[in-house]
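> From the sequence below, what's the structure:
(one chain, ligands or ions: 1)
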Amino acid sequence: PFEVVAKRSGRTVTVGAGETLVAALARIGIRVQVSCEQGICGTCMCDVLEGRPDHRDAFLTDEERDSNELIIACRSRALDDRLVLDV
Ligand code: FES
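Next comes the predicted model:
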């Protein structure tokens, strides 16, 4: 599990081992738009303000992955205990 801070609302939620970032955000009323939900289309991409994503998508380029500035929220998780997203 890891914690996600939704910067725009100032709310925090814990993403459980069995759920996605998108699902966890939905629990606190934050809707991330999705389409494929398989890490392919990029619809659910969010800006990362703090923390390192654990990229599990097939959408971002290697450069984008290495920047730690973007995350594909339907699939990816976190390498750190906490991610801060611009959502
Ligand atoms: Fe398609 Fe997340 S919804 S990549």
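
> got the residues of this protein near the ligand?
Neighbours of the ligand within the chain, by Cβ under 6 Å from any ligand atom: 34-37, 39-44, 57, 59, 72, 74. Where you see a C-beta, it was placed from the backbone N, CA and C, and this is true even at glycine.

> Quick check on these: which are buried?
Applying 16 or more other Cβ atoms under 10 Å to the residues of the chain next to the ligand, the neighbour count classes Val34, Cys36, Gly39, Cys41, Cys44, Asp57, Phe59, Ile72, Cys74 as buried.

> Provide the secondary structure category for the first one.
What it means is Val34. coil (DSSP: H, G, I helix; E, B strand; the rest coil).

> So which of the buried ones among the residues of the chain next to the ligand sit within helices?
In helices, judged by DSSP state H, none of these are found.

> now the residues you listed as CSV including distance to Thr20?
Formatted as CSV, those follow (distance: Cβ to Cβ, whole Å):
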residue, distance to Thr20
Val34, 9
Cys36, 13
Gly39, 10
Cys41, 15
Cys44, 9
Asp57, 11
Phe59, 15
Ile72, 10
Cys74, 6
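
> Okay, and which of the residues of the chain next to the ligand map to strands?
Ile72 (DSSP state E).

> Pick out the residue nearest the middle of this protein.
With distances taken as Cα atoms, centre = their mean, the residue of the chain nearest its centroid is Ala73 (3.5 Å).

> How about the contacts made by that one?
Ala73 makes contact with Thr20, Leu21, Val22, Leu25, Val32, Val34, Cys44, Met45, Cys46, Leu85, according to Cβ atoms under 8 Å, 6 or more residues apart in numbering.

> Phi, psi for Leu21 please.
phi -60, psi -40 (degrees, to the nearest 10).

> let's have the chain start at 9 instead
Let's use 9 as the start, then, which means that last one is Leu29.

> Looks like it contacts Arg64 (just checking).
No. The pair Leu29 and Arg64 does not pass the contact test of Cβ atoms under 8 Å, sitting 10.3 Å apart.

> Neighbour count: these two, which is higher?
Neighbour tally, Leu29 and Arg64, criterion other Cβ atoms under 10 Å: the higher count belongs to Leu29, 26 against 13.
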